[in-house]
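> no sequence on this one, just coordinates:
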């Protein structure tokens, strides 16, 4: 990721218009992803809040999604109305009402989008256990407008007047004494 010597960085941070949401193990009681995957996905998108109402998006269940149960592993992809940095996406994700994996918001934070392959114990190819693994929902709007929380402000060190002493815990006393 980082430049080393004369070699440039292999991954660089850029702002972009794609918002991937990696949602793992969200509990949807009574979820039936085999019979009604679209309803399950719509329930999760509804939990994202008003910013996402009537917005177009792509969705797909991750390779770890089980065919039954209430815990859903889902990826959602939205277009945003403004280019966002990974730092802005992380900040938004921290305020999101749905738990979103923030580890993908970094240069090189890969998100796999291909359908998974399933193999039996003898290496034979097995069919996907989900009849519908992905879809596209066409909404009234093509982009989502995110409300970003304010960036945290760095604390400003307090000014210590000349001649004033700093109270330091016992561990720092030898260091402070050596400096004085």
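Great, that's in hand. Just so you know, these numbers come straight off a predicted model, no measurement behind them.
> drop to CA atoms for contacts and neighbour counts, all remaining ones
Will do.
> where do the strands sit along this structure?
Using DSSP state E, the strands of the chain run over 16-27, 57-61, 71-84, 118-119, 125-126, 134-137, 143-144.
> residue ranges with poor pLDDT in the chain?
Within the chain, the segments meeting pLDDT under 70 span 1-2, 109-113, 156-173, 175-176, 180.
> can you do 80?
1-4, 8-12, 69, 108-115, 152-180 (pLDDT under 80).
> Against residue 12, how distant is the residue lying closest to residue 119 once chain neighbours are set aside?
Of all residues not flanking residue 119 in the chain, residue 125 sits nearest, at 4.6 Å (C-alpha to C-alpha, 6 or more residues apart in numbering). Taking C-alpha to C-alpha, to the nearest Å as the measure, residue 125 falls 37 Å from residue 12.
> From the chain's centroid, how far away is stretch 31-48?
For stretch 31-48, the separation from the chain centroid amounts to 19 Å (computed by C-alpha atoms, centre = their mean, to the nearest Å).
> in that stretch, what's buried?
Under the neighbour-count criterion of 16 or more other C-alpha atoms under 10 Å, stretch 31-48 has 31, 32, 33, 34, 37, 38, 40, 41, 44, 45 buried.
> OK, contacts around the third one?
Under the criterion of C-alpha atoms under 8 Å, 6 or more residues apart in numbering, the contact partners of residue 33 comprise 40, 67, 68, 130.
> I figured the third one hits residue 35, correct?
No - Residue 68 is not in contact with residue 35 according to C-alpha atoms under 8 Å; the separation is 10.4 Å.
> Could you double-check that residue 51 sits in contact with residue 148?
No - using C-alpha under 8 Å, residue 51 is not in contact with residue 148; the gap is 11.1 Å.
> Quick check, residue 49 in contact with residue 95.
No - in this structure, residue 49 is not within contact of residue 95 by C-alpha under 8 Å, at 11.2 Å.
> ranges for the helices of this structure?
Here the chain has its helices, by DSSP state H, at 37-47, 86-95, 173-179.
> between those helices, which one is nearest to residue 104?
Across the helices of the chain, residue 104 has its closest neighbour in helix 86-95 (8.6 Å, C-alpha to C-alpha).
> How far off centre is that closest one?
Offset of helix 86-95 from its chain centre (C-alpha atoms, centre = their mean): 8 Å.
> Sort out which residues of that helix are buried, please.
86, 88, 89, 90, 91, 92, 93.
> got the contact list for residue 62?
Shown in contact with residue 62 (C-alpha under 8 Å, 6+ apart): 73, 74, 75, 116.
> So which of those is the closest to residue 153?
residue 75 (31.4 Å).
> which residues does residue 65 contact?
Counting by C-alpha under 8 Å, 6+ apart, the residues that residue 65 touches are 72, 73, 74.
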